[in-house]
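1. how does the following fold in three dimensions:
(one chain, ligands or ions: 1)
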Amino acid sequence: AYQCKIGPSILNSDLARLGDECKRMLECGADYLHLDVMDGHFVPNITFGHPVVQCIRKSIGDSPVCEVHMMVSKPEQWVKAMAESGANIYTFHLEAAENAEQLIKDIRMEGMKAGCAIKPATPVSKLLDLLYTQMADVALVMTVEPGFGGQSFMRPMMEKVRELRKVHPTLDIGVDGGVGPNCIHHCAEAGANMIVSGSAIMRSNDPRKVITDLRNDISSRLKTQHLID
Ligand SMILES: O=C(CO)[C@H](O)[C@H](O)COP(=O)(O)O
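-> The predicted model follows:
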């Protein structure tokens, strides 16, 4: 069985107050934080790297789980630095990895969980092939073109989630991009359990309610399927 986890993406938060924004999300019930790392090469945007992750870690303390979503061209390059900066889940893009199997092993050697993300144009079969030879801890299906928050959810991507769930009943499967209360039922039905949500949470006057609503939708689906108690 797997658990429902809500991970706010802080991409569209007040980046000048990043530590406080992260704390606010955790106080509002976030299960983990999704930190969007962009290099201006793999995606047409730049955010931050491991020095900022290290500051976030200092600000939020040891226990909250941080996933770094590495939208970078050379994911191999930052594994050690991110581990030392306090990242817990290192999610790289399959499209960018030179040797994804080895990368998963290296991420685990550094004491982190390994996530693998695919862009909308990447067939799910490529991710399934990888998982067949080298299992990852998280499969992240992008539901927007990576690079910017606030885009519209791409519903056809749910087919990828469905296929992953069919083959891997207990895998942590994430969705990322345009996810909010309006489309969470599609994610739940398809079998996603790690929900990344940026603007829907950040721009709300009541982020606690949005996080609770997202969780309730996924949890009730999991209960109906008898996947959790
Ligand atoms: O990876 C991302 C963009 O590349 C973001 O995590 C994602 O877009 C979340 O923000 P929003 O919910 O506003 O789409």
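2. what residues are up against residue 26?
-> Contacts for residue 26 (CB atoms under 8 Å, 6 or more residues apart in numbering) come out as 33, 60, 64. Backbone N, C-alpha and C define where each C-beta goes, glycine included.
3. what helix or strand is it on?
-> Assigned by DSSP states H and E, residue 26 belongs to helix 18-27.
4. by neighbours, which of the contacts of residue 26 wins?
-> residue 33 (25 neighbours; other CB atoms under 10 Å).
5. find the nearest non-adjacent residue to it, please.
-> Spatial nearest neighbour of residue 33, chain neighbours left out: residue 66 (5.0 Å); criterion: CB to CB, 6 or more residues apart in numbering.
6. I'd like to know how many residues surround the one you found.
-> Residues near residue 66, counting by other CB under 10 Å, number 22.
7. do the same with residue 90
-> Residue 90: 29 surrounding residues under other CB under 10 Å.
8. where does the chain dip in pLDDT?
-> 1, 226-229 (pLDDT under 70).
9. which bits of it sit near the ligand?
-> Residues of the chain lying close to the ligand by CB under 6 Å from any ligand atom are 9, 11-12, 34, 36, 69, 144, 146-151, 176-179, 196-200.
10. what about the longest helix in the protein?
-> helix 207-224 (DSSP state H).
11. how far does that one sit from the chain's center?
-> Remark: helix 207-224 is offset 17 Å from the chain centroid, using CA atoms, centre = their mean, to the nearest Å.
12. for stretch 12-27, same thing?
-> Relative to the chain's own centre, stretch 12-27 is displaced by 17 Å; criterion: CA atoms, centre = their mean.
13. in it, what counts as buried?
-> Residues of stretch 12-27 classed as buried: 12-13, 18, 21-26 (neighbour count, 16 or more other CB atoms under 10 Å).
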